[in-house]
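Student: My questions are about this predicted structure, shown below with the sequence.
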Amino acid sequence: MFVVSQASSSPALDASSFPHLLDLVLSFSSLRVLLAFRNTSRLLKVKVDSVLERNGCHMRIVRGRNGSDPRIAYIDGDTVIVPTSRALIRFTRTVDIDNQAVVHDHDIFGHLGSLGQNIKTLRVRHYYQSLGFQYLPFYPAPPTCVISMNAFPLDSEPPPSLDCPTTLLDAHGTTKLVLIFVTSRDYQYPTITSHQRHTASNFPSTLKEVVIIFSESTAPAHNLSSPKLAPENRVRLDKGIIFTLMGNNTRLKWTLVDCGPMIPPSEAAEAAGDDRHATAFKHVDRFISLTPPGFVSDITCLRLDEYRKRVGDEQFRLDTFV
């Protein structure tokens, strides 16, 4: 029915009389609007919770400003909101964690409860040092884990530690791992730290698929004509490491995306006009041909746009931090 307010001549719809219209409005509402509706009535709370249960929420845990304690926020389209209650925790399906938010303070995760039973994708940004699931309440581990690593030195990078680094995937449950190696044109070739290498080579027994993506940093290069060498304490990330990784994990399905950076520029230049990606693909084919039959049977090399078509836009967005 229509209810006419005495303070205004504009008619208002009784939501309970038009449930299909209400459901349509909620299905197109932003997270911020859904939270506003949720606080309006019991009916709307039930309706909004149904939408959140179906669509899920995207949590982001970041280091606070000026080095303050980490904070929990939620991605809402192109913006980020910080909720005043914990109501969204049980609807969380994707979690982004900034590496610094974890290594500086583990206590923030104490109140997240059984979040690990709900989330489908865990994404770690800028991983560079020890980080383990014993610090996070995510057990069993989420089905998909995406780890972004800067394959070049950073000013904020801590000095090498003599302690044995913990393993990020030291938990049962993860079946797909996406490793994103971000390269910089300021350096002659990509390198990783010992912590990064440890994480990128120790897999749980539940893992079935590994995707390795090379992505160039969007930061402007300072000196393209004379790229620098990385410090000696870093490990060169080249085809040798990648092939060893695949050879030690033959049961897994492997996908290499835009893997040109694992080939030295000089080697690619000798390939009669081939670019580094095409040369890398040829090296992979040669690696497969030199291994015993069935040793490594499931390896695919793709360009980034080909990978997007293969997995679809939504999964591509999750796998690549787009």
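Tutor: The structure has been received and is ready for your questions. Numbering: from 1, shown residues only.

Student: Skip the chain neighbours and tell me the closest residue to residue 231.
Tutor: residue 153 (6.0 Å; Cβ to Cβ, 6 or more residues apart in numbering). No exception for glycine: its C-beta is placed from N, CA and C like everyone else's.

Student: quick one: the helices in this protein?
Tutor: Secondary structure of the chain (DSSP state H): helices at 19-27, 31-38, 42-55, 99-104, 194-199, 239-247, 265-269, 276-290, 304-311, 313-320.

Student: Single out the most deeply packed of the ones you listed.
Tutor: Ranked by mean neighbour count, the helices of the chain are led by helix 194-199 with a mean of 21 (mean count of other Cβ atoms under 10 Å).

Student: got any ranges where the protein has weak pLDDT?
Tutor: Within the chain, the stretches with pLDDT under 70 are 1-18, 64-70, 100-116, 129-140, 155-171, 221-225, 265-274, 294-297, 322.

Student: need the strands for it, in chain order.
Tutor: 2-4, 11-13, 57-62, 71-76, 79-81, 92-98, 121-125, 144-150, 176-183, 191-192, 209-216, 235-236, 253-257, 299-302 (DSSP state E).

Student: quick one: the third one to chain centroid distance?
Tutor: The reference is to strand 57-62. 11 Å (Cα atoms, centre = their mean, to the nearest Å).

Student: Each with direction, which strands does that strand pair with?
Tutor: strand 71-76 (antiparallel), strand 92-98 (parallel) (DSSP bridges).

Student: Those: which one's closest to residue 59?
Tutor: Among these, the nearest to residue 59 by Cβ to Cβ is strand 92-98 (4.7 Å).

Student: Domain map for this protein?
Tutor: In terms of domains, the chain is parsed into 15-55, 120-320 (source: automatic domain parsing).

Student: Could you export those domains as CSV, including distance to residue 81?
Tutor: Shown next, in CSV, are these (distance: least, Cβ to Cβ, whole Å):
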stretch, distance to residue 81
domain 15-55, 6
domain 120-320, 19
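
Student: Residue 72 is nearest to which of these?
Tutor: domain 120-320 (12.7 Å).

Student: and of the strands paired with strand 57-62, who's closest to residue 178?
Tutor: Of all the strands paired with strand 57-62, it is strand 92-98 that lies closest to residue 178, at 12.9 Å by Cβ to Cβ.
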